[in-house]
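**Student:** everything below, folded, please.
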Amino acid sequence: MRRYKFLTKEDVFEALNRLREAFLAAKDGKEVEEIIKGILTHDEKIKIGRRILIAEYVVDGFGFDEISKMLKVGKATITSVMKNLDLDSNWLELIQKRSKKIESEYAKKKYETIGGSTLVFKKKQYTGFTRKKVLR
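**Tutor:** Residues are numbered from 1 along each chain as shown. As a prediction, the model looks like this:
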C-alpha cells in the first residue's frame, strides 16, 4: 500500500470493486481470458499464476527451499503467500474446486464416441470442446 498512500479509502474500494465486477462479468473461460488480456499485463498474469502455484505447494507441504528452487522465487514472496493463506485459505480452496469442475466437464465433453449400436469398440472423436468453453 505504500505505493498508493495518496489514495483515499474510497479510491481503493472503488478500484477493488471494479476489479471484482470485471472478473464477475465473464460467463465462460473465453470471456475470462479476454478480460484478463485487457486489464493485466503479461508480468501481472505470470505473478498471479505463480502465487497460486506457491500456495498449492505450501498446502502440499513443500518447504521454503524446495519452493524457492522449483519456482525460482524469493523467500519474501513465499512468506507473503503463506501469510495470505494463514489469514484465509478459502480463496485457494475456491480456485481448486473450480479447477476440478472445469477439468471434469472438459473430460466429459472433449471426446464423443461414434459408431453404430452393433459396434463393440466405439471410436472416440475429438469434439473441439476446450476449457475456455466451460460455462460458469
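**Student:** can you list the helices and strands that the helix or strand hosting Asp11 packs against?
**Tutor:** Using DSSP states H and E, Asp11 falls within helix 9-24. Helix 9-24 is packed against helix 29-39, with contacts defined by 3 or more CB pairs under 8 Å, 6 or more residues apart in numbering; DSSP states H and E. For every residue, glycine as well, the C-beta is placed using N, CA and C.
**Student:** what residues sit buried inside the helix it packs on?
**Tutor:** By neighbour count on 16 or more other CB atoms under 10 Å, the buried set for helix 29-39 is Gly29, Val32.
**Student:** how far away is Thr41 from Lys47?
**Tutor:** According to CB to CB, to the nearest Å, Thr41 and Lys47 sit 9 Å apart.
**Student:** extract the CA atoms of the helix holding Asp11 and return them as CSV.
**Tutor:** Taking Å, rounded to 0.1, in the frame of the first residue of the first chain, the C-alpha atoms of helix 9-24 are listed here in CSV:
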residue,chain,number,x,y,z
LYS,A,9,-10.1,4.6,1.2
GLU,A,10,-12.9,5.4,-1.2
ASP,A,11,-10.5,5.3,-4.1
VAL,A,12,-9.1,1.9,-3.0
PHE,A,13,-12.6,0.4,-2.5
GLU,A,14,-13.8,1.7,-5.9
ALA,A,15,-10.7,0.2,-7.7
LEU,A,16,-11.2,-3.2,-5.9
ASN,A,17,-14.9,-3.2,-6.7
ARG,A,18,-14.2,-2.5,-10.4
LEU,A,19,-11.8,-5.4,-10.4
ARG,A,20,-14.3,-7.7,-8.8
GLU,A,21,-17.0,-6.6,-11.3
ALA,A,22,-14.6,-7.2,-14.2
PHE,A,23,-14.0,-10.8,-13.2
LEU,A,24,-17.7,-11.5,-12.4
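**Student:** fine by me, we can end here.
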